[in-house]
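[1] need a 3D model of the sequence below.
(one chain, ligands or ions: 1)
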Amino acid sequence: MAFSIKKAAVIGSGVMGSGIAAHLANVGIPVLLLDIVPKELTKEEMAKGLSLEDKTVRNRMVNSALTRLLKQKPAPLTHKEHLSYIHTGNLEDDVEKLSEVDWIIEVVVENLDVKRKVFELIDKYRKEGSIVSSNTSGISVNAMAEGRSEDFQKHFLGTHFFNPPRYLKLLEIIPTEKTNPDVLTYMHQYSENVLGKGVVIAKDTPNFIANRIGTYGLLVTVREMLKGGFSIGEVDSITGTLIGRPKSATFRTLDVVGLDTFIHVANNVYEQVEGDEKQVFKVPEFMIKMHKNGWLGSKSGQGFYLKK
Ligand code: NAD
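    Sure, this is the predicted structure:
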């Protein structure tokens, strides 16, 4: 079977979706970046007299993703001009365009039900033979593919990029029981040769490899910090700059990841392990409170550190 990715679509233009779209643009792949239509107007939109039917409002999520791509540091785009490879829209108005692309990457919130609904839609509009993948941090890829058409299931797998996608080389690829081996081989080679990634093929276990270890390490660090009375600043300098890493490895990273996403990812393992191991993956109460307050990190402007 011959595959060729000439055009891609990314669904979900948040922290990761916008970064993945930028990475594709950097290697010259035209990409359609889609998100949901907002249900309410912002104060600024109201002041401008806009309505929910206006194109700028309907495309607000992807438009703010583009602004972020140009402002973010370190820069997600190798050259600002690469932005012209990214075409934006929303799933409601542009879903039929999914039939024009060779690879569709789902990058919406880390929630199985939401992702399943998106895959149902993709299944309806994708062209036969196109590759579909999920950027999930650790939800079962087999569970995500359940109920989908045979052609979808043969062409579906997990492609887990790391944040920020332009700079972190690792890509976990997770096949399902039904992924066609040719699709796996193609995506492995494509990811290494075209996207410049270092690929690890992972089994469909909760949080795969990197996030199983990473979530464990982070939660143990936080628990020891609370027990020992260490400060966030102390932990960050010792796991970051003082040990020679360019940036802090713990709380500043959490601000970049997004606390909402981190909690989803930790809960994903918590719900699937038993006994003592459950306590390790339990998110500490102070983080739950921060989440409730909307202190999600860079994406909300307030996290462990104030956004610069
Ligand atoms: P995010 O909250 O920044 O962005 C999610 C985006 O999905 C939002 O723009 C939201 O409007 C959109 N969305 C929600 N429901 C949608 C729908 N039904 N249709 C279309 N768009 C929809 O989240 P994120 O951090 O970009 O995470 C996205 C995925 O990537 C998750 O599965 C997450 O686990 C994974 N991931 C995140 C990181 C990270 O560091 N943040 C790293 C690797 C993988």
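[2] can I assume Leu33 sits in a strand?
    Yes. The assignment for Leu33 by DSSP: H, G, I helix; E, B strand; the rest coil puts it in a strand.
[3] quick check on the closest residue to it other than its chain neighbours: phi, psi?
    Spatial nearest neighbour of Leu33, excluding adjacent residues (Cβ to Cβ, 6 or more residues apart in numbering): Ala21 at 4.6 Å. No exception for glycine: its C-beta is placed from N, CA and C like everyone else's. Backbone torsions of Ala21, given as degrees, to the nearest 10, read phi -60, psi -40.
[4] distance of Ala21 from Ala8?
    8 Å (Cβ to Cβ, to the nearest Å).
[5] cool, and Leu70?
    20 Å.
[6] for the stretch 151-300 of the chain, which segments count as helices?
    In the stretch 151-300 of the chain, the segments counted as helices under DSSP state H, counting those that start in this stretch are 181-193, 210-228, 232-238, 251-257, 259-270, 276-280, 285-292.
[7] same question, the stretch 1-150 of the chain
    Using DSSP H, counting those that start in this stretch, the helices of the stretch 1-150 of the chain run over residues 15-26, 43-47, 55-58, 60-71, 91-94, 112-125, 141-145, 150-154.
[8] and the stretch 51-200 of the chain, which residues reach the ligand?
    Residues of the stretch 51-200 of the chain lying near the ligand by Cβ under 6 Å from any ligand atom: 61, 91, 107-110, 114, 118, 135-137, 161-163.
[9] ok, back up a step: shared neighbours of Ala21 and Ala8, which are they?
    Residues touching both Ala21 and Ala8 (Cβ atoms under 8 Å, 6 or more residues apart in numbering) are Val31.
[10] which one of those two is surrounded by more residues?
    Ala21 (34 against 23; other Cβ atoms under 10 Å).
[11] give the contact list for that one.
    Val10, Ser13, Val31, Leu33, Ala65, Leu69, Ile86.
[12] on that earlier part again, let me know the closest of the residues of the stretch 51-200 of the chain next to the ligand to His82.
    Distance to His82 across these (Cβ to Cβ) is lowest for Phe161, with 17.1 Å.
[13] identify the bridge partners of that closest one.
    Leu171 (DSSP bridges).
[14] wait, what's in contact with it?
    Met16, Gly19, Ile20, His23, Asn135, Leu168, Leu171, Lys197.
[15] model confidence score at the fifth one, please.
    The predicted local distance difference test score for Asn135 is 98.
[16] neighbours of it, how many?
    Count around Asn135 with other Cβ under 10 Å applied: 25.
[17] and the fourth one, by the same measure?
    Here the number of neighbours of His23 (other Cβ under 10 Å) works out to 24.
[18] what's near enough to touch the nearest residue to it once chain neighbours are set aside?
    Nearest non-adjacent residue to His23, counting by Cβ to Cβ, 6+ apart: Pro165, 4.4 Å away. Residues in contact with Pro165 (Cβ under 8 Å, 6+ apart) are Met16, Gly19, Ile20, Ala22, His23, Pro76.
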